[in-house]
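**Student:** okay, sequence plus prediction incoming.
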Amino acid sequence: MTCEQRCQIEAFKKSGFPKAEIAAAIGVSQSTISRESARNSSQRGYRQKQARRFALLRREEVRKVTKLTPELISLVEEKLTEKWSPEQISGWLPKVHLILLSHERIYQHLWADKATGGELFMSLRRHGKKYHKRSNGKTNRGQIRNRITIDERPVEVDAKSRVGDWEIDTVIDREHSGALVTLVERVTQFTLFTQVESKSAEAVAEATIALLKPYAAVLHAITVDNGKELVYHEKITKELGAQVYFAHATTPGNVVRARI
């Protein structure tokens, strides 16, 4: 939440406006207003200065350095076996457990486990796919047409200096009967998700558009990996007015995956 939005919330609340009307007025979801009120109110009600102070205190708590303890390793590995990606785990930990752990560190743990004969890497969605050495920057695999890489992404996205830049990820369920499409806002870590019947490009595109449509007015950029489920990226851009950027493809031997 911005300072301006918190000032508006305080003013609307003092005037007796319901949460639904406050949400519509400042351009956020009603659940965001409910969460903001629950987290940052006191016995005297909601005040924007107090709300900002509470939010900063929580942020500092999350920023504490986290060691990869046996308990944290167990938690990470549990999510990996449930087919969560390292990016999803990294985004989930601070929201649920107030633990800050980068997805790069999770990948390092995966490849270290593999080097000692472990099979954690088998939980990754691409573990069984063949990777091709580059020849003049090209492979014989089917390419996603007209893709724009993160090299052309605005500097504000990497700097996390604005709200409205999102990342997409997809997870296949255990029975492979459906998939989960998740979207995470890079600055606030606000997460949207929905289940789709399949991981087809059409289903993923439609789910992404439906989830982000309410936020189109403040939507800037969407970053994705190189999964073929994003071949309809141009449709997403057309419907939402936000450019889709693709992370660089990497090989399984790399310790760290391209940061998105």
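**Tutor:** That came through fine. Note that the structure is predicted; figures quoted are calculated from it, not measured. Numbering: from 1, shown residues only.
**Student:** pull up the gap between Arg6 and Glu36, please.
**Tutor:** Going from Arg6 to Glu36 by C-beta to C-beta, to the nearest Å gives 8 Å. (Each C-beta comes from the backbone N, C-alpha and C, glycine too.)
**Student:** give the residues shared as contacts by those two.
**Tutor:** Contact criterion C-beta atoms under 8 Å, 6 or more residues apart in numbering; residues shared by Arg6 and Glu36: Ala51.
**Student:** so, low pLDDT: which residues of this protein?
**Tutor:** 58-67, 125-142, 173-177, 249-260 (pLDDT under 70).
**Student:** need the strands for it, in chain order.
**Tutor:** Secondary structure of the chain by DSSP state E: the strands cover 41-42, 45-46, 165-172, 179-185, 191-196, 221-224, 243-246.
**Student:** now mean neighbour count too, for those strands, in CSV please.
**Tutor:** Below are the strands of the chain laid out as CSV (neighbours: other C-beta atoms under 10 Å):
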stretch, mean neighbour count
strand 41-42, 12
strand 45-46, 15
strand 165-172, 22
strand 179-185, 21
strand 191-196, 15
strand 221-224, 22
strand 243-246, 21
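**Student:** possible to save the ones you listed as a markdown table with distance to Arg105?
**Tutor:** Output for those, formatted as a markdown table (distance: least, C-beta to C-beta, whole Å):
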| stretch | distance to Arg105 |
| --- | --- |
| strand 41-42 | 35 |
| strand 45-46 | 37 |
| strand 165-172 | 17 |
| strand 179-185 | 17 |
| strand 191-196 | 20 |
| strand 221-224 | 19 |
| strand 243-246 | 23 |
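**Student:** contact partners for Ile209?
**Tutor:** Contact partners of Ile209, counting by C-beta under 8 Å, 6+ apart, are Lys235, Ile236, Glu239, Leu240.
**Student:** one more time with 10 Å
**Tutor:** Ala216, Tyr232, Lys235, Ile236, Lys238, Glu239, Leu240 (C-beta atoms under 10 Å, 6 or more residues apart in numbering).
**Student:** any of those residues buried? List them.
**Tutor:** Buried by 16 or more other C-beta atoms under 10 Å: Tyr232, Lys235, Ile236, Glu239, Leu240, out of those.
**Student:** ok, and the closest non-adjacent residue to Gly91?
**Tutor:** Val184 (4.9 Å; C-beta to C-beta, 6 or more residues apart in numbering).
**Student:** surely that neighbour meets Thr191?
**Tutor:** Yes - Val184 lies in contact with Thr191 (C-beta atoms under 10 Å); the separation is 5.0 Å.
**Student:** where do the contact lists of the two overlap?
**Tutor:** Gln88, Gly91, Trp92, Lys95, Trp166, Glu167.
**Student:** beta partners for the fifth one?
**Tutor:** Note on Trp166: beta-bridge partners Glu185, Ile222, judged by DSSP bridges.
**Student:** what's the closest of the shared contacts of Val184 and Thr191 to Ala112?
**Tutor:** Gln88 (20.1 Å; C-beta to C-beta).
**Student:** right, and the closest one touches Asp225 too?
**Tutor:** No - with contact defined as C-beta under 10 Å, Gln88 does not count as touching Asp225 (11.7 Å).
**Student:** anything in contact with each of those two?
**Tutor:** Glu167, Asp169, Thr170.
**Student:** quick one: those residues as CSV, columns for distance to Ser15 too.
**Tutor:** CSV is the format used below for the shared contacts of Gln88 and Asp225 (distance: C-beta to C-beta, whole Å):
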residue, distance to Ser15
Glu167, 37
Asp169, 40
Thr170, 42
